[in-house]
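Novice: have a look; sequence and predicted model below, questions after that.
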Amino acid sequence: MSFAPLPDELPALLPIFPLTGVLLLPRGRLPLQIFEPRYLAMTRHALAHPHRLIGMVQPQEEQGDAGDPPVYQIGCAGRIVEFAETRDGRYMLSLEGVCRFDIASEPPRSEDYREVVADWQRWHSDFHEDDKGVDRDHMIAALKPFLDRQGINADSDVLTTAPIEHLVNSLAMACPFSAREKQALLEAQNTSERSKILTALVEMSVAANGVSGGATKN
């Protein structure tokens with residue numbers, strides 16, 4: 001039995017959590033630590049509704065997380081699948097990505113947290129796993145020097161055998177990219193396009209670091 005909503009059960013009004021550099025993708029898992037009063041209230045709101053959804057969005061480039069920054073207009077809704085309270089008043093959550101959404105509008109606020117009118121229409125394909133058209137060998141070859149530079153010890157067996165959508169999405173969520181780069185990965189239409197963006201980003205990073213690392217001072 002699945003507790004996740006069906007496409008026609010997605011809510012029109014969705015609470016959002018703006019967080020720079022944090023990416024959630026369909027079927028990905030995102031741990032969160034909630035401590036601000038407005039986001040504690042947001043979490044209680046989500047838990048009180050059947051599908052326990054929170055919309056993860058990023059503030060626009062260099063806007064920061066404080067206050068009510070302007071946000072990118074595409075986010076991803078996650079369902080609370082794990083929840084715990086701490087003795088010092090925090091919530092520890094794990095979200096599982098359900099479906100991306102466009103922000104159609106942001107109504108006047110009636111709660112401490114922000115809510116948006118979510119348009120899900122063009123993202124219904126997110127409900128189906130997508131493993132078509134990915135050049136795994138090229139992606140892995142590009143990733144290995146990048147992961148080495150980042151000090152990330154990747155299991156070769158996982159890279160070569162993990163289901164391709166899971167692998168691409170997990171890497172896109174985990175790699176230390178800029179907010180703009182994370183947004184490009186989020187907005188990729190499918191797994192194949194996301195893998196190409198991911199590969200290009202790591203190749204550019206390695207090339208840039210290679211040039212810098214090879215320079216000498218006179």
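Specialist: Arrived safely, thanks for sending.
Novice: so where's the longest helix in the protein?
Specialist: Across the chain, the helix with the greatest residue count (assigned by DSSP state H) is helix 191-214.
Novice: who does it touch, helix- and strand-wise?
Specialist: helix 136-150, helix 164-174, helix 179-187 (3 or more C-beta pairs under 8 Å, 6 or more residues apart in numbering; DSSP states H and E). C-beta coordinates here come from the backbone N, C-alpha and C atoms, glycine included.
Novice: mean confidence score for the longest one?
Specialist: Read it as helix 136-150. Mean pLDDT, computed over helix 136-150, is 90.
Novice: got the angle for that helix vs helix 191-214?
Specialist: Interaxial angle, helix 136-150 versus helix 191-214 (axes from the mean of the first three to the mean of the last three C-alpha atoms, to 10 degrees): 40 degrees.
Novice: same thing with the shortest one?
Specialist: For helix 179-187 against helix 191-214, the angle by the same axes, to 10 degrees is 160 degrees.
Novice: rounded mean pLDDT for stretch 174-190, please.
Specialist: The pLDDT scores in stretch 174-190 average 95.
Novice: now do the buried residues in that stretch.
Specialist: Going by neighbour count (16 or more other C-beta atoms under 10 Å), the buried part of stretch 174-190 is Cys175, Phe177, Ala179, Glu181, Lys182, Gln183, Ala184, Leu185, Leu186, Ala188, Asn190.
Novice: so the fourth one touches Leu201, yeah?
Specialist: Yes. Using C-beta atoms under 8 Å, Glu181 and Leu201 qualify as a contacting pair, with a distance of 5.6 Å.
Novice: please name the nearest non-neighbouring residue to Ile16.
Specialist: Gly55 (4.2 Å; C-beta to C-beta, 6 or more residues apart in numbering).
Novice: could you pull up the residues touching that neighbour?
Specialist: Leu14, Pro15, Ile16, Phe17, Gly75, Cys76, Ala77, Gly78, Phe101, Val116, Ala118 (C-beta atoms under 8 Å, 6 or more residues apart in numbering).
Novice: got it, and Phe146?
Specialist: Cys175, Val202, Glu203, Ser205, Val206.
Novice: measure it to Ala174 for me?
Specialist: To Ala174, Phe146 is 12 Å away according to C-beta to C-beta, to the nearest Å.
Novice: still on that earlier bit, the helices and strands packed on helix 191-214 into JSON lines, with extra columns for distance to Glu82?
Specialist: Supplementary listing: these in JSON lines, determined by distance: least, C-beta to C-beta, whole Å:
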{"stretch": "helix 136-150", "distance to Glu82": "27"}
{"stretch": "helix 164-174", "distance to Glu82": "16"}
{"stretch": "helix 179-187", "distance to Glu82": "22"}
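Novice: ok, which of those helices comes nearest Arg44?
Specialist: Checking the helices and strands packed on helix 191-214 against Arg44 by C-beta to C-beta gives helix 164-174 as the closest, at 25.6 Å.
Novice: which elements pack onto the top strand by length along the chain?
Specialist: Counting by DSSP state E, the longest strand found in the chain is strand 91-105. Other helices and strands packing on strand 91-105, by 3+ C-beta pairs under 8 Å, 6+ apart, are strand 29-34, helix 37-47, strand 53-57, strand 74-85, strand 115-119.
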